[in-house]
Structure formats: C-alpha cells, structure tokens
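**Q** Below are the sequence and a predicted model; questions follow.
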Amino acid sequence: MNPLMKIAMLSCKQASILAAKKAFNALSFGETLKFKMHSKMCSACKSFQQDGALIDEAIEKIMKQKEGQNLRLTDTQRERILKALD
C-alpha cells in the first residue's frame, strides 16, 4: 500500500472515535477529510455516524420537552436509591 494512503486511511475504530468527536466538537480539516474518505468506503462507519446523529437529535428533543419541568424524586424513589447505595 502506498505510504500516503496509510497515513490518509483510518481504521474503523479511529473512524468511530472521529464520528463521536464530531457530535460534540468540530473536526480539523485533516480529520474531516480522513473521516469522509473512510465513510465513503465503509458503510458500517457511515451508518454508525448517522445513527449517532439521530440519537443525539432525539435526546435534544426530549431534553427541550423537559425544560422548565420540575423533575423531582418521590420519597419512595429516594429511599430506594439510598438503600441501594448502602
């Protein structure tokens, strides 16, 4: 394999790390390029990134719905947690 290709290509593990990073931070130009190259050839990693984005959107939607609600534990729930911690 061409030495330049070795540098440019990512393993699936590295691609999944970049997909997760992309959800929270902007990727550098090089990371973006490498991830795009990898995901063009690897449908599993492309699907992983898309599924992660879908999950993130669903979580955001749920959190927005819960904003402003007074979410508190009941006394029974508190007791169960305290018992579990003992």
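**A** Cool, got the structure.

**Q** so what's residue 9 up against?
**A** 34, 37-38 (CB atoms under 8 Å, 6 or more residues apart in numbering). For the C-beta atoms, the positions are set from N, CA and C on the backbone; glycine is no exception.

**Q** Write the PyMOL selection for whichever of those residues are buried.
**A** One line in PyMOL is enough to select the buried members of the contacts of residue 9, burial here meaning 16 or more other CB atoms under 10 Å:
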select buried, resi 34+38
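
**Q** Which members of the contacts of residue 9 are positioned in helices?
**A** 34, 37-38 (DSSP state H).

**Q** what about residue 66, neighbour count?
**A** Neighbourhood size, residue 66 [other CB atoms under 10 Å]: 9.

**Q** what's the pLDDT at it?
**A** Listed pLDDT for residue 66 reads 79.

**Q** Same question for residue 8.
**A** 65.

**Q** check contacts around the residue positioned nearest the centre of the chain.
**A** Residue closest to the average C-alpha location in the chain (CA atoms, centre = their mean): residue 20, at 3.8 Å. Residue 20 makes contact with residue 52 under the criterion CB under 8 Å, 6+ apart.

**Q** do the same with residue 23
**A** Residue 23 touches 52-53, 56, counting by CB under 8 Å, 6+ apart.

**Q** same for the helix ranked longest in the chain, what does it pack against?
**A** The residue-count maximum for a helix in the chain (DSSP H) belongs to helix 43-66. When contacts are defined as 3 or more CB pairs under 8 Å, 6 or more residues apart in numbering; DSSP states H and E, helix 43-66 packs onto helix 12-24, helix 29-41.
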